[in-house]
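Engineer: what's the 3D shape of this:
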Amino acid sequence: MKSNVRKFVLFAFFVAIELVLMFTPLGYIPLGVIRATTMHIPVIICAILLGVKEGALLGFVFGLTSLFINTFTPTITSFVFSPFITIGGVSGNFYSLLIVLLPRITLGLVAGLMYKFLSNKISKELNIIITSITATFIHTVLVLGGIYVFFAKPYASVRNIPLSGLFNVLLGIVGTNGVIEMILSAIIVLAVVKVSKPLVERSTKYV
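Structural biologist: Next up is the predicted model:
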């Protein structure tokens, strides 16, 4: 029982981190019409330290923060992340909710499952690095893939991109923002987990 309480407290701490990041420039970093993010990093750490379920739940929280940010401080492309936004006659819809929530939940699921799968197969350090990079990559691909599948024409229009060139533009985002986010996540998650995992395991008896 005490172990569950401690686990809940730790999860609440991760939720608090997500909220702090959301309300500071550290969480969503404006880069013109798009935003880079560090919000995925606590999700990966949570999934590794607390487990798959907690990682997925924190991913859902991440998605809600993105919905909030894109609804109340929108950019010209925020309609792909919020059904409550209309930009240039283009409105968000149900698919906006899929894009803003599903990849973030998947992020936590992938991080938790991959870390568990690779445990005892490779070194902890390499496990953390591979898990962080893979989960971040899948998250990025799901978000940009969702934009391409559900909002290709309006997204290209508001960004003044020829529809035929949209795929290459999104691929470029993966190769720039995506790579930076993968590197950051690998470095930060490795540093945090190496220090905190032994403490968390002792307090929650989580393996």
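Engineer: switch to C-alpha atoms for all contacts and neighbour counts from now on
Structural biologist: Will do.
Engineer: and the nearest residue to residue 101 once chain neighbours are set aside, what does it touch?
Structural biologist: Nearest residue to residue 101, sequence neighbours excluded (Cα to Cα, 6 or more residues apart in numbering): residue 63, at 4.6 Å. Residue 63 makes contact with 100, 101, 102, 104, 105 under the criterion Cα atoms under 8 Å, 6 or more residues apart in numbering.
Engineer: could you pull out the strands for the protein?
Structural biologist: Assignment of strands within the chain using DSSP state E yields the ranges 28-31, 34-37, 86-87, 90-91.
Engineer: got a list of what the residue nearest the centre of the chain touches?
Structural biologist: Among the residues of the chain, the smallest C-alpha distance to the mean C-alpha position (Cα atoms, centre = their mean) belongs to residue 40, namely 3.4 Å. If a contact means Cα under 8 Å, 6+ apart, then residue 40 has 59, 62, 104, 107, 136, 185 as its contacts.
Engineer: distance of the spatially closest residue to residue 20 that is not a sequence neighbour relative to residue 41?
Structural biologist: Across the structure, with Cα to Cα, 6+ apart as the measure, the residue nearest residue 20 apart from its sequence neighbours is residue 27 (8.0 Å). With the distance defined as Cα to Cα, to the nearest Å, residue 27 ends up 10 Å from residue 41.
Engineer: and the longest helix that the chain contains, what does it pack onto?
Structural biologist: Here the longest helix in the chain is taken by residue count, with DSSP state H as the criterion, and it is helix 124-158. Contact partners of helix 124-158 among helices and strands, from 3 or more Cα pairs under 8 Å, 6 or more residues apart in numbering; DSSP states H and E: helix 40-50, helix 94-118, helix 166-173, helix 179-204.
Engineer: got TSV for those, with mean pLDDT and distance to residue 71 too?
Structural biologist: Listed next are these as TSV, based on pLDDT from 0 to 100; distance: least, Cα to Cα, whole Å:
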stretch	mean pLDDT	distance to residue 71
helix 40-50	96	19
helix 94-118	97	11
helix 166-173	94	22
helix 179-204	87	23
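Engineer: of the ones you listed, which is nearest residue 160?
Structural biologist: Proximity to residue 160, assessed across the helices and strands packed on helix 124-158 by Cα to Cα, is greatest for helix 166-173 (9.9 Å).
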